[in-house]
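Engineer: got a predicted model here, sequence first, then my questions.
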Amino acid sequence: MKRLLPFALVAMLAASAFAQDEIREAKNLIQNGQCAEAIAPLQKVYKSSFRKSSGEKAAVMLTECYLREHKRDEALKLSSRFLEYYVNTVYRERMELANAIVMVEKGNVYEGVEAMLRILAYSKNPAARSRTKDVAIQTLAASLLTADQLQALLEKYPVDKDIVGWLQLQIGRECQNSKRYKAARYWYKKVVAGGVAENLSSTAEKGLESLEDRGAGMPTVLVLAPLSGDFAEFGAAAIQGVILAHEKAGLKGKVNLRVADTRADAAQALLRTQQAINQDSIVAVIGPIMSAPAATVAAWLGSNFQNIPMLTPTATDDGIAKMGPNIFQVNITMDNLAKSIADFATKCLNIREFAVLSPLGGYGASMSQSFTTAVERRGASVIAFRNYEEGRPDYKTEFSLLRDVRFKQLNRRQNIARGANDLDAVNAKERRFYMQDSTFNIPGIFIPATNPGDAGLMAGQVAFNKISGVLLGASGWYGRELLIQGKRQVDSSYFSVPAMDMGGNNDNLKKFVSDFKERWGAEPGEDKVSGLSYDAANIVFSSMAKNPNSLTNLINNTANFQGVYGDIKFKRGMNLNTKIVTVNKGKFETVEGCPAK
C-alpha cells in the first residue's frame, strides 16, 4: 500500500496538469476566434473532471463556445445541469446568462429576458452585471415582446434605470404601433424623465415628436379578471367570452382590448384600473368578475370617471351598481331576487305575514335581510325568524321555536278578541294541546336554501313539523333535486330565479355555444362566466357602434339588451330580469303575472 500511494498521487497531479493544459489550449483557441476547435479539449476536461474546479471552469467555457457555434441544445443541456449541480459557483452569473441567451434564441424570449433581469437584481459582480445588461438591452431593442410582457417585466424587476428606460421605450413603441397614442405618449415621457442615457432619451423624444399630430388613438376597453391565483379558471372563461364578442363584432384594429390580471384582489384590481385610465384611451371597463374587486373599482370609477361605463358580468353582491350611474351589474343580484319573490308574494298572493328560515352563511344572511326589508316596505312583516344549518337530518328544535313564536302571536290575538286585560296570558291546557297536535299556519314561509336538494328536504321538514303555508324561495331552489327530495310537498311553492336560468332553449344561447366551441374547442362552462362576459362585451361594443356622446347614458337609456341567456334589463345599473317559478304536479312552470284565484 505504501508503494501505491505515491503512484496515485502522481496520477492525480498528472491528470490535473493535463486538464490545465487542455484549458489553456482551449483558452488560446477562443482568444484567436477558434471556438469550434476549442470544443473538443473542453469536452475532455468536462467529462473527466466535472466535479473538480478544472471541470467546473471547462463547463463554463464549453457552454459559451456552444453558444458561439449556435449549438443551442448542447448549451441549454450543459448550462441547466451545471446550475443544478453547482449551487454556489462563482460562475453562476455567466452560466445563467448563457442559459437565458439560449432561451431567447429558442423563442422563449420573455423567460430569457426575465432571467437576465433576475441576474441584475442579485449580482454584485460589476463585470457580470455589465455583460448581462448589454445582452438584455440588445434583446429588448429587438422588439420581440408585447407591451403586456414588457410591463410585467418592468413591475417585477426595476433593476437598472437604463433597463427600465428600454422597457418603457419599447412599451411606448408597441403602444404606438397598435395606435394607442395616449399610452405611447405616457411611456415616452417616462423615459425622458427617467435620467437615462442620452441616446435613449433622444429616441424617446423623437417618439413624442412623431405623435404631435395624433389624437388619443384607438379606443381601448379594459378587461379586469383574475388570470392567476385560485380563481384563474373563472378569469380565463371571462376573457374567452370577451375575445369572442370582440371578434364577432369585427373590431380588430378598431377597438383595442387591454387585459389586466386582478388576482381576485380588490387592491390589485384598483391599481390596474388606475394604471389603464392614466395610460390608455379607456372607453369602458368589463369586470371585475368577483364582487369585492368589483365594488372597489366601482367606487373609484363611479366617483371619478362617470363617462366610462363599468359592466361587471358576474358580481352579485348588493349595492355595487349604486356606486355611480356608470356602474352596471349584468348578473342578477341577491337583493333583486329577494325583492322579486317578496313583490310577488305580497301583490299576487296577498300575503302579509311571513316566517323566514335562513341557512347559516353569507348567502342566507344576505337573502333573508333583503327579503325582510322588501316585505316591510310593501306593508307586510316577518313575524318569525330562525337560522338553521344545512345538511342536518332533523330540525325539531328550530321548528319547535317557530311554533312557539306563532302560538304566542295567535294567543295574543285570541286574548284581544276576548277583551282580556293581560294579552300574554296563556291557558296551559290550550297551549299544550296546540303545541302537540295543531298545525300552525304561517301564510308565507321564505326559505333561501342554497341548493335544490336542501330546499326539498326543508319543504318536507315544514310539513313534518305541522306548519302550513305557501313555501317561498329563490334561485337556490331551481334544480331537479328539488322535485326528487321535496316530492309533493313542493307543489304550489314559488321562487324567484334570474331570467337567464330559464333560457336554455333560446336561439342566442345555441349560437353562442356553437361559436364558443368553434373558437375555443370546448363548450362554455355551466357557471355562465363566459356567457355573461360575452354579454357584457356585446353591450359595450353595440353601444360604441352607435357613436354616442356618452356610453353611460346610452346604456342607461336602452330598454333591454339581447343576451345569451335572455334579455338584460337595466334599472339604476341592475339587471332586473327575474322570473317567478312554481311547481305544478312535479314540473317547473314559469309564472306570468299573478296566478288566477
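Structural biologist: Now that the structure is in, tell me what you want to look at.

Engineer: pick out the residue nearest the middle of this protein.
Structural biologist: In the chain, the C-alpha nearest the mean C-alpha coordinate belongs to Pro226, at 2.5 Å (C-alpha atoms, centre = their mean).

Engineer: so who does that one touch?
Structural biologist: 232, 234-235, 261-264, 288-290 (C-beta atoms under 8 Å, 6 or more residues apart in numbering). Any C-beta I mention is one placed from the backbone N, CA and C, and that applies to glycine too.

Engineer: check Lys189 too.
Structural biologist: Contacts of Lys189 (C-beta under 8 Å, 6+ apart): 204, 208.

Engineer: cool, Ile282 as well?
Structural biologist: 220-222, 258, 276, 308.

Engineer: so which helix or strand takes in Leu311?
Structural biologist: strand 310-312 (DSSP states H and E).

Engineer: so for whichever helix or strand comes after that strand, mean pLDDT?
Structural biologist: Downstream of strand 310-312, the next assigned helix or strand under DSSP H and E is strand 327-329. Average pLDDT, strand 327-329: 96.

Engineer: out of the contacts of Ile282, who's the most crowded?
Structural biologist: When neighbours are counted by other C-beta atoms under 10 Å, Val221 leads the contacts of Ile282 with 26 neighbours.

Engineer: and the contacts of Ile282, which two are the farthest apart?
Structural biologist: Using C-beta to C-beta, the contacts of Ile282 reach their maximum pairwise distance at Arg258 and Ile308, which is 12.7 Å.

Engineer: doesn't Ala260 belong to a strand?
Structural biologist: Yes - using DSSP: H, G, I helix; E, B strand; the rest coil, the secondary structure at Ala260 is a strand.

Engineer: list the beta-bridge partners for it.
Structural biologist: Leu224 (DSSP bridges).

Engineer: what about it, neighbour count?
Structural biologist: 22.

Engineer: check contacts around it.
Structural biologist: 222-225, 269, 272-273, 275-276.

Engineer: output stretch 494-510 in CSV with nothing but the alpha carbons.
Structural biologist: The C-alpha coordinates for stretch 494-510 follow below in CSV (Å, rounded to 0.1, in the frame of the first residue of the first chain):
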residue,chain,number,x,y,z
TYR,A,494,-92.9,29.7,-5.6
PHE,A,495,-89.4,31.0,-6.0
SER,A,496,-87.5,33.7,-8.0
VAL,A,497,-84.7,33.0,-10.4
PRO,A,498,-82.7,35.0,-12.9
ALA,A,499,-84.5,35.0,-16.2
MET,A,500,-81.2,33.7,-17.7
ASP,A,501,-81.8,30.4,-15.8
MET,A,502,-84.9,29.8,-17.9
GLY,A,503,-83.4,30.5,-21.3
GLY,A,504,-82.0,27.0,-22.0
ASN,A,505,-83.6,26.7,-25.5
ASN,A,506,-83.2,30.2,-27.0
ASP,A,507,-81.5,30.7,-30.3
ASN,A,508,-79.0,33.2,-28.9
LEU,A,509,-77.7,30.6,-26.4
LYS,A,510,-77.4,27.9,-29.1
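
Engineer: residues making contact with that stretch?
Structural biologist: 331-332, 337-338, 340-341, 344-345, 349, 455, 470-475, 477-478, 528, 531-532, 562-567, 575, 577-582, 590-591.

Engineer: now with 7 Å, please.
Structural biologist: The contact list for stretch 494-510 (C-beta atoms under 7 Å, 6 or more residues apart in numbering) reads 332, 337, 340-341, 344, 470, 472-475, 477-478, 528, 562-567, 577-582, 590-591.

Engineer: one step back: which among the contacts of Ala260 gets closest to Ser202?
Structural biologist: When those are compared against Ser202 (criterion: C-beta to C-beta), the nearest one is Gln275, at 26.5 Å.

Engineer: which residue, other than its chain neighbours, is closest to that closest one?
Structural biologist: Once flanking residues are discounted, Gln275 sits nearest to Ala260: 7.8 Å by C-beta to C-beta, 6 or more residues apart in numbering.

Engineer: which stretches of the chain have low pLDDT?
Structural biologist: 1-19, 21, 433-437, 502-505, 596-597 (pLDDT under 70).

Engineer: ok so, going back, make a ChimeraX selection of the buried ones in the contacts of stretch 494-510.
Structural biologist: Of the contacts of stretch 494-510, the buried ones can be selected in ChimeraX as follows, counting by 16 or more other C-beta atoms under 10 Å:
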select :332,337,340,341,344,470,472,473,474,475,477,478,528,563,564,565,566,567,577,578,579,580,581,582
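
Engineer: now, which of the contacts of stretch 494-510 lie within helices?
Structural biologist: 337, 340-341, 344 (DSSP state H).

Engineer: now those as JSON lines including distance to Ala284?
Structural biologist: Listed next are these as JSON lines, based on distance: C-beta to C-beta, whole Å:
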{"residue": "Leu337", "distance to Ala284": "27"}
{"residue": "Ser340", "distance to Ala284": "28"}
{"residue": "Ile341", "distance to Ala284": "33"}
{"residue": "Phe344", "distance to Ala284": "34"}
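
Engineer: identify the farthest-apart pair in the residues you listed.
Structural biologist: Leu337 and Phe344 (11.2 Å).

Engineer: ok, back up a step: nearest to Ala417 among the contacts of Ala260?
Structural biologist: Nearest to Ala417 among the contacts of Ala260, counting by C-beta to C-beta, is Ala269 at 59.6 Å.

Engineer: doesn't the closest one lie inside a helix?
Structural biologist: Yes - in this structure, Ala269 lies within a helix as judged by three-state DSSP.

Engineer: dump the residue contacts of it.
Structural biologist: Contacts of Ala269 (C-beta under 7 Å, 6+ apart): 224, 262, 288, 293, 296-297.

Engineer: in terms of helix, strand or coil, where does Gly250 fall?
Structural biologist: coil.

Engineer: wait, I meant Val283
Structural biologist: strand.

Engineer: correct me, but it touches Ser550?
Structural biologist: No - counting by C-beta atoms under 7 Å, Val283 does not reach Ser550; the two are 10.5 Å apart.

Engineer: one step back: any idea how far the residue nearest to the centre of the chain lies from Gln329?
Structural biologist: Pro226 is 18 Å from Gln329, where distance means C-beta to C-beta, to the nearest Å.
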